[in-house]
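Undergrad: have a look; sequence and predicted model below, questions after that.
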Amino acid sequence: MRAKILLSILLLVLVFFPTFAGPYALSVATLILFFAYAGQAWNVMMGFAGQLSLGHSLYVGVGAYAAAGLYFHTGLGAWAGIWLAILLCMLLGAAIGFLAFRFGISGVYFALLTIAFAEFTRIGFDHIQWLGGPGGLFIKVEHRTGWDLVNLRGTPAMFYYVMLALCALAFIFCFLLLKSKAGYYWQAIRENEEAAQALGINTFRWKMLAVVISSAMTSVAGVFYAFYYNNLFPEQIFHISRSIEIILGPIIGGIGTLFGPILGAAVLILLSDGITEGLAALGWEFPGVKQVFYGLVLLVVVMFLPRGIWPALARRLGVGK
Amino acid sequence: MDRRQFSKTLAAAGAASALSPFGILRAQSQRLKVGVILPRSGVQGFIGQSCQKGADLAPGVIREMLGVDIELMNADWESNVDTARTRAERLIQEGAHVLVGPFDSGAATAIAQVAEQRGVPFVINIAAAPPITEQGYKFVFRNFQTAGDIVRNGLALIGDLFRATNTVPRTAVFMHVNDTFGQAMARGIGAILPTQTQLPFKIVETISYDPAAKDLTVEIGKAKATNADFLLLVCRLNDAILLRREMVKQRWYPMGVISPGSPGMYEEQFFKALGKHSEHCISNVPWYNPNAELTKVVEKAFLKQNPKDKLVFHGLNAGFTFEAILIAADSYKRARSTEPKTLAEAIRQTNITSKMMLGGPIKFNAKGQVEGIGSACLQNLNLVPTVVLPQAAATAKPVFPMPRA
């Protein structure tokens, strides 16, 4: 009950946030929601099913390019492109999953495989001139005061609400997944794959399902990214640093928890901006010093809260994980 | 103070700082507030800090020149496009009248959208992707060459170099880094070179290499085997050093090493690492006019602020950043207002003839792009990148073919 009340309050605050927040706060909040959503998608694969992916930028990038390319060349809006993005990323996820699970690749070797796929896709996109190649793909920017949800063109508030809706849907979807047969099977696989197999669980099939769902969800984040920033460069979107950014939220917040990715993304981005503000207030002008502080704080979190912030906080609040 | 009191104080301080972004306005001043967004940390940090030197000297020089007071509001976008967008929002919220930056096309596009949505003028110092000024923006202006112009001017200067030195090289081997930048340049050269019929040479072989390569023995061996007259090179800093060292090792002495528009060979580290072997390499890049009056003023201010440094090693970065702020100040002086639309209109009407960088006057076309920005043929002479072409801006004569070391 307490959890439901807290969740309702949070949702209420988030729904009314644009009415009292300035544009800067809104852009920060949109970024938090973006990483919360992408982190939630990654969490399905790692947090639920225990398959470590370090190449989720692949799905963000392919999703972004699929929708943006379709819009750029045919004028078909984001809500048409989203299906193409999902389909392509599901196929990619299935291909990676099949290669790995069929041939018994797991753990760090699976993680390496995901990095490799992201990396050679980046190189591949550098050579696709139809999508701008290394020079980047630029979507025509239109200055609109209204909301065009079909084409994902509109004000920053619209993008905020789109991301909020996606986060809420992902949260509910993941909650249902965790409570479903798949969720229990995934957790069994995560804890001990051999034992799960011995119990008759078709681990190949359920791991494949986790990869496909996770990649499909991540592709939607890519579609959002493309229409929010309106430009895509293979070097930036497929870069491993983007994958790391995606996974940091759930790791700091709490892997395998529903609220961890959201809390982790919020903590990381607010911490990052907070340090910038703090240093500016102190009049410190040392480029890079923020990264040092940021690293130190992360180190402290990892040392004292190795399971993430949310499990400890949940205990204090007296709510479930 | 006990632990509880400390926690309360910390919480209060946290709340105060957390609330500050939520639209609390600060008192307006009479000064032009310029939000300078540069990548001062992260992978592009080195270049961002170089640009920052141009920004730091601008208020003093411009006060002397135009009598305009400028307040710089510096922001680091950390070589991360997401941060670029939020930093732009933050600067506008803090009262920036105009934004300047950011040395990157992706970041420029992200900031441009914020500037356009918020109706705040944005003057791009360095970013070459052509689509940035093809979007119909009303508040976005660029005083830098587009990628195509960089290649076109770079190749044209190669022709000028041959004419000036009465040489007619017939063949070139083209080497380029195979990263995003190198591939984009290679495509540009592939598209533009056939249209430059005045150029006497043809490319006999194209060799790409990894920018992180630790050894270029094979690549240089291959290039040497082509027996090409000169090396056409698109490089970055580290690989340029490695490549030049390997050329010396393999005793390959082509007529010259010429870059049609890439960094690397005119940077300070290149000279420090190679010493005399850095000599006579040529880079055709957008550059400042060393003979311009404004350059002399800027150079003096630069030396005052950076006594151990030389402007010539920050020419492109500091020069274009300074000019972007100059454009903003000049427009503010004419507009006599910081009202965004009035300021943007004044920027559109800019006509600065007394400028630092090469090329015609700073005048924006209907799309917000300055046309006619020039490039210089920079040759490393006496361990300093020296303008040898165009003749009007040259401080030395080109040496081509390069003498054997």
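TA: Sure thing, it's come through. Numbers count the residues shown, from 1 in each chain, chains lettered A, B, ... in the order given.

Undergrad: C-alpha from now on. contacts and neighbour counts both.
TA: Noted.

Undergrad: so who does the most far-flung residue of chain A relative to its centre touch?
TA: Distance to the chain centre peaks in chain A at A:G283, reaching 34.0 Å (criterion: Cα atoms, centre = their mean). By Cα atoms under 8 Å, 6 or more residues apart in numbering or on different chains, A:G283 lies in contact with nothing.

Undergrad: distance of it relative to A:L112?
TA: 42 Å (Cα to Cα, to the nearest Å).

Undergrad: what of A:M217?
TA: 21 Å.

Undergrad: element containing B:I37?
TA: Taking DSSP states H and E as the definition, one finds B:I37 inside strand B:32-38.

Undergrad: ok, the nearest residue to B:A292 once chain neighbours are set aside - contacts?
TA: In space, and not counting its chain neighbours, B:A292 is closest to B:M356: 6.1 Å by Cα to Cα, 6 or more residues apart in numbering or on different chains. Counting by Cα under 8 Å, 6+ apart, B:M356 makes contact with B:288-289, B:292-295, B:319, B:323.

Undergrad: so which of the residues you listed belong to strands?
TA: Taking DSSP state E, every one of these sits outside strands.

Undergrad: what parts of chain B come near chain A?
TA: B:17-18, B:21-23, B:40-42, B:45, B:76, B:78, B:82, B:85-86, B:89-90, B:93, B:106, B:109-110, B:113, B:116-117, B:129, B:131, B:135, B:180-181, B:183-184 (Cα under 8 Å from any Cα of the partner chain).

Undergrad: so for the helix or strand bottoming out on mean pLDDT in chain A, what gets flagged as buried?
TA: Lowest by mean pLDDT, DSSP states H and E among the helices and strands of chain A is helix A:289-304, with a mean of 82. Residues A:290-291, A:294, A:301 are the ones in helix A:289-304 that count as buried (16 or more other Cα atoms under 10 Å in any protein chain shown).

Undergrad: partner strands of whatever helix or strand B:N380 lives in, with direction?
TA: Using DSSP H and E, B:N380 sits within strand B:375-381. Neighbouring strands of strand B:375-381 in its sheet, by DSSP bridges, are strand B:282-286 (antiparallel), strand B:384-389 (antiparallel).

Undergrad: can those strands go into a markdown table with extra columns for distance to B:G54 and mean neighbour count?
TA: Below are the strands paired with strand B:375-381 laid out as a markdown table (distance: least, Cα to Cα, whole Å; neighbours: other Cα atoms under 10 Å in any protein chain shown):
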| stretch | distance to B:G54 | mean neighbour count |
| --- | --- | --- |
| strand B:282-286 | 15 | 29 |
| strand B:384-389 | 18 | 24 |
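
Undergrad: so can I have a markdown table of those showing mean pLDDT?
TA: Putting the strands paired with strand B:375-381 into a markdown table (pLDDT from 0 to 100) gives the following:
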| stretch | mean pLDDT |
| --- | --- |
| strand B:282-286 | 96 |
| strand B:384-389 | 96 |
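
Undergrad: more neighbours: A:M217 and A:L112, which one.
TA: The residue with more neighbours, out of A:M217 and A:L112, is A:M217; 26 against 17, by other Cα atoms under 10 Å in any protein chain shown.

Undergrad: so that one touches A:I86, yeah?
TA: Yes - assessed by Cα atoms under 8 Å, A:M217 is found in contact with A:I86 at 7.5 Å.

Undergrad: so where's the stretch 101-250 of chain A uncertain?
TA: Low-confidence segments of the stretch 101-250 of chain A (pLDDT under 70): A:143-144.

Undergrad: swap the cut-off to 80 and go again
TA: For the stretch 101-250 of chain A, the stretches with pLDDT under 80 are A:141-145.

Undergrad: all helices of it, in order?
TA: Assigned by DSSP state H, counting those that start in this stretch, the stretch 101-250 of chain A shows helices spanning A:108-126, A:156-179, A:181-191, A:193-198, A:203-229, A:234-237, A:240-253.

Undergrad: tell me which parts of the stretch 51-200 of chain A are close to chain B?
TA: A:126, A:133-135, A:138, A:140-143.

Undergrad: counting neighbours, what do you get for residue 95?
TA: Just going to use chain A. 14.

Undergrad: actually chain B
TA: Neighbours around B:G95, by other Cα under 10 Å: 18.

Undergrad: just the element for it, please.
TA: Applying DSSP H and E, one finds B:G95 in no helix or strand.

Undergrad: wouldn't it be in contact with B:K33 here?
TA: Yes - the criterion here is Cα under 8 Å, and B:G95 meets it with B:K33 at 7.1 Å.

Undergrad: so who does A:F224 touch?
TA: Going by Cα under 8 Å, 6+ apart, A:F224 touches A:64, A:163.

Undergrad: quick one: it and A:T257, what's the gap?
TA: 24 Å.

Undergrad: same check, this time on B:A172
TA: In terms of Cα to Cα, B:A172 sits 60 Å off from A:T257.

Undergrad: just B:A128 next, same as before
TA: Distance of B:A128 to A:T257, computed by Cα to Cα: 44 Å.

Undergrad: ok, A:W206 next?
TA: In this view, A:W206 and A:T257 are 19 Å apart by Cα to Cα.

Undergrad: which stretches in the stretch 201-350 of chain B count as helices?
TA: B:217-225, B:237-249, B:268-274, B:293-305, B:315-335, B:340-348.

Undergrad: who's in contact with the residue of the stretch 251-400 of chain B found nearest chain A?
TA: Residue nearest to chain A within the stretch 251-400 of chain B (Cα to the nearest Cα): B:K367, separated by 13.9 Å. Contacts for B:K367 were tallied using Cα under 8 Å, 6+ apart; they are B:133-134, B:136-137, B:141.

Undergrad: and stretch B:287-296, which residues are buried?
TA: Applying a neighbour-count criterion of 16+ other Cα under 10 Å, one finds B:287-290, B:294-295 buried in stretch B:287-296.

Undergrad: widest-spaced pair of the residues you listed?
TA: B:W287 and B:L294 (13.5 Å; Cα to Cα).

Undergrad: report how many residues lie close to the residue of the stretch 101-250 of chain A found nearest chain B.
TA: Closest to chain B within the stretch 101-250 of chain A is A:P134: 4.9 Å, counting by Cα to the nearest Cα. A:P134: 26 surrounding residues under other Cα under 10 Å.

Undergrad: can you map out the strands along the stretch 101-250 of chain B?
TA: Shown for the stretch 101-250 of chain B, the strands assigned by DSSP state E, counting those that start in this stretch span residues B:122-124, B:140-142, B:171-177, B:202-209, B:230-234.
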